[in-house]
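Undergrad: this one's sequence-less:
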């Protein structure tokens with residue numbers, strides 16, 4: 001069952017679709033493109049995802065009451081800036097966490113291209129999907145944030161790699177999706193406006209600032225299955241790619257893959 005509402009705390013032109021349960025909010029928007037295309041931008045948010053997804057078809061833990069599971073659908077006129085969408089989505093999450101719980105800037109980081117870390121542990125993930133629906137480009141920014149998880153809520157080795165807003169803030173209170181989503185929406189659409197206005201240099205400066213914890217350090221980079229590349233992280237390129245310096249001193253730019 002879905003409920004469409006307009007709430008004063010969101011950007012004024014944003015259509016909000018609240019779902020009690022779905023497989024994933026990204027999938028929901030893709031399936032219902034014909035119904036939402038004339039209402040963009042739109043936010044689909046869900047209390048429980050039964051098949052939440054991360055990158056490379058990984059499962060995203062989507063327990064009821066524990067996290068925020070939201071997807072924003074919008075058109076992007078500036079197609080040349082598609083590589084920037086994961087970056088500005090990450091900025092939006094970081095600014096949301098700072099505002100919602102006063103987390104210090106230095107404790108937050110962007111692990112290119114899709115993860116937000118807090119004190120070295122994953123607190124949020126981003127899944128961008130772009131679909132050409134001529135004459136428009138339909139973009140979906142799927143964002144999952146761990147809000148109220150305790151360590152024991154994370155299975156297996158995730159307990160050592162993941163954290164939540166409640167754990168970081170050391171608070172007894174539960175964070176409410178209805179309070180966090182408006183912040184996320186506001187920051188995301190502010191950054192989208194800056195992207196459409198061509199503020200690419202500021203976006204790259206911000207990306208490199210939030211990547212400070214990786215700068216000039218050795219990393220392993222997983223580009224394709226079975227292919228592992230090692231090198232020195234040299235920041236985010238002016239077009240949104242990752243700059244990697246090889247052990248021989250040459251540099252290459254990558255536009256997909258994962259830092260391990």
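TA: Yep, it's here. Nothing here was measured: the structure is a model prediction, and the numbers come from that model. Numbers count the residues shown, from 1 in each chain.
Undergrad: now the lengthiest helix in the chain: average pLDDT?
TA: Taking DSSP state H as the assignment, the helix of the chain that covers the most residues is helix 177-196. When pLDDT is averaged along helix 177-196, the result is 94.
Undergrad: in it, what counts as buried?
TA: Using 16 or more other CB atoms under 10 Å as the burial criterion, the residues of helix 177-196 that qualify are 177, 180-189, 191-192, 194-195. The way it works is simple: take the backbone N, C-alpha and C, and place the C-beta from them, glycine included.
Undergrad: how far does that helix sit from its chain's centre?
TA: Distance of helix 177-196 from the chain centroid (CA atoms, centre = their mean, to the nearest Å) equals 11 Å.
Undergrad: point out the other helices and strands that that helix packs with.
TA: Contacts defined by 3 or more CB pairs under 8 Å, 6 or more residues apart in numbering; DSSP states H and E place helix 177-196 against strand 42-49, strand 67-75, helix 85-101, strand 136-146, helix 200-210.
Undergrad: how does it look with 6 Å?
TA: Helices and strands touching helix 177-196, as assessed by 3 or more CB pairs under 6 Å, 6 or more residues apart in numbering; DSSP states H and E, comprise strand 67-75, helix 85-101.
Undergrad: what is the subsequent helix or strand relative to the longest one?
TA: Per DSSP states H and E, the first helix or strand lying C-terminal to helix 85-101 is strand 108-111.
Undergrad: right, and the helix or strand after that following strand?
TA: Once the chain leaves strand 108-111, the next helix or strand it forms, by DSSP H and E, is strand 115-118.
Undergrad: for that following strand, which helices and strands make contact with it?
TA: strand 108-111, strand 121-133.
Undergrad: surely residue 25 and residue 68 touch.
TA: No: here residue 25 does not reach residue 68: they are 10.2 Å apart, not a contact under CB atoms under 6 Å.
Undergrad: so between these two, which is more surrounded?
TA: Between residue 25 and residue 68, residue 25 has the larger neighbour count (other CB atoms under 10 Å), namely 28 against 24.
Undergrad: how far away is the nearest residue to residue 105 once chain neighbours are set aside from residue 192?
TA: Nearest non-adjacent residue to residue 105, counting by CB to CB, 6 or more residues apart in numbering: residue 98, 6.8 Å away. Look at residue 98 and residue 192: by CB to CB, to the nearest Å, they are 19 Å apart.
Undergrad: try residue 257
TA: Distance from residue 257 to residue 192, by CB to CB: 24 Å.
Undergrad: one step back: which of the helices and strands packed on strand 115-118 sits most buried?
TA: Of all the helices and strands packed on strand 115-118, strand 108-111 carries the top mean neighbour count, a mean of 22, counting by mean count of other CB atoms under 10 Å.
Undergrad: burial of residue 173, as a residue count?
TA: 9.
Undergrad: domain assignment for this structure?
TA: The chain breaks down into these domains under automatic domain parsing: 2-210, 218-259.
Undergrad: mean neighbour count, these: which tops it?
TA: The highest average neighbour count among the domains of the chain, using mean count of other CB under 10 Å, belongs to domain 2-210 at a mean of 18.
Undergrad: any low-confidence regions in the protein?
TA: 1-9, 52-62, 224-225 (pLDDT under 70).
Undergrad: residue 84 and residue 241 touch, don't they?
TA: No: in terms of CB under 6 Å, residue 84 does not count as a neighbour of residue 241; the distance is 10.6 Å.
Undergrad: cheers, nothing more for now.
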